[in-house]
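Student: whatever this is, show me its structure:
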Amino acid sequence: MLIAELIKLNNLQLASKLVSDELLLGIQTSRRSGIGTEFEQFRHYTPGDDPKRIDWKLFAKTGHYLVRESATESNQQVRLLIDLSGSMNYTEANVSRLQYARILLASLAYLSNRQGDQLSLYALQNGNVQTLVPSSKQAFQKIVAMLEATPASGAWENRNPAVPEFGRKQAEVLIIASDFLQVDDEWVKLIQSVAGPRREIVIFQVLGDEEINFSMNGFYRFQDLETGKEIELQADAIRDTVRERATAYLTKLEESLRIPHVRLIRVRLSDPIALVLKQFLMS
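Tutor: This next block holds a predicted model:
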C-alpha cells in the first residue's frame, strides 16, 4: 500500500498490520523463488551466539550468517527510537516525515512482537533521549499508542545527550527513524557513543524527494521547522547550490556512519514502507 493510503486509515495499529502482512507475503514469495529467508525464522548472527546455530545452507545462498530461530524462541531486545525534533514535521504530497516514521516503526514493532522480541520505545527531543515505553509484555500496544499521540517540535539543544539505558551488555538492536539533518555532528556523536559489538544499530534516514532533488521553480518562503525562522528566495536561483550542498552533506554523513555494526538506510517519503522493510530484512 502507498503511504498516503495508510495515513488515511487513521489507525496506526491497523496500518502496521497491513504493512507487515504485505511484507511477509513478499518475503514468502521470494522464499519460494529461492532467496530463502523468513523474518520469523532467522535473524543475523551476533557475537555470543553458538556458531552451531548458523544455517550454513542459507549462508551458501545469501552470503549472510543467519541463525535459525523459531517464533517463540526469540528473546532479542529491540529498541525503537523516533526523532521528535521539529524537522520531522516536514511534509511532501500530504505525507509528513513524522507520519512515515510512525508507521515504519510501528510495523517493525508489530513484526518484532510476533516473534517474541522484547520491545521498548525511546524519543529524541530537544537533544535528549527519553524513555517513552519500557520493555514489558504489553509494550507493543503501548508503543503504538505512544507513537500515535506524540508530536514533534523544537530543535536539538543538548549537544551531549546521555543514553544511560543503552549501556547494557545484552545483545540488542537499536532502530532509529529520523531525518538525520544536523547542525554540527550531534547525530554522528550520539551514534558513536552507543555503537558496540553487542548492539546492531539500524538507521532509517527519512527524506523528501525535494530535499534531495530540489526541483522547485518560482518564488518561495522557506521556514526552518525547528527555529521558525523564515527566508524568501527564488528557488531557481539557489537550485544548483542546494543540490551540491545536499549531495556533499549526505556523502559526508555516509562516510561518518561507516562504523562497525551500524547500517544507514536512506528512504524517501514516496517509498512504500513494506518494500523498504523487505529490502532491509533481506539485505
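
Student: give me the low-pLDDT residue ranges for the stretch 151-283 of the chain?
Tutor: Where the stretch 151-283 of the chain drops to pLDDT under 70, the residues are 159, 161-170.

Student: pop out the phi and psi values for the closest residue to Gln76 other than its chain neighbours.
Tutor: For Gln76, ignoring the flanking residues on the chain, the nearest one in space by Cβ to Cβ, 6 or more residues apart in numbering is Asp117 at 4.7 Å. No exception for glycine: its C-beta is placed from N, CA and C like everyone else's. Dihedral angles of Asp117 (phi, psi; degrees, to the nearest 10) stand at phi -70, psi 160.

Student: surely Asp117 touches Val78?
Tutor: Yes - at 4.6 Å, Asp117 and Val78 qualify as touching, with contact defined as Cβ atoms under 8 Å.

Student: neighbour count for the two, which is higher?
Tutor: Neighbour totals were compared for Asp117 and Val78, and Val78 leads with 24 against 21 (other Cβ atoms under 10 Å).

Student: the more buried one should be in a helix, yeah?
Tutor: No - with the criterion set as DSSP: H, G, I helix; E, B strand; the rest coil, the secondary structure at Val78 is strand rather than a helix.

Student: how about Asp49, nearest residue that isn't a chain neighbour?
Tutor: In space, Asp49 comes closest to Val67 once its chain neighbours are excluded; the distance is 5.4 Å by Cβ to Cβ, 6+ apart.

Student: distance check, Ala139 against Leu98.
Tutor: To Leu98, Ala139 is 21 Å away according to Cβ to Cβ, to the nearest Å.

Student: please say which of the two ends up with more neighbours.
Tutor: Each of Ala139 and Leu98 had its neighbours counted (other Cβ under 10 Å), and the higher figure belongs to Leu98 (25 against 22).

Student: quick one: secondary structure of that one?
Tutor: Recorded secondary structure, Leu98: helix (three-state DSSP).

Student: contact partners for it?
Tutor: By Cβ atoms under 8 Å, 6 or more residues apart in numbering, the residues touching Leu98 are 84, 88-89, 151-152.

Student: what about the helices in this protein?
Tutor: Secondary structure of the chain (DSSP state H): helices located at 3-8, 12-32, 56-62, 97-114, 139-149, 186-194, 209-213, 235-256, 273-281.
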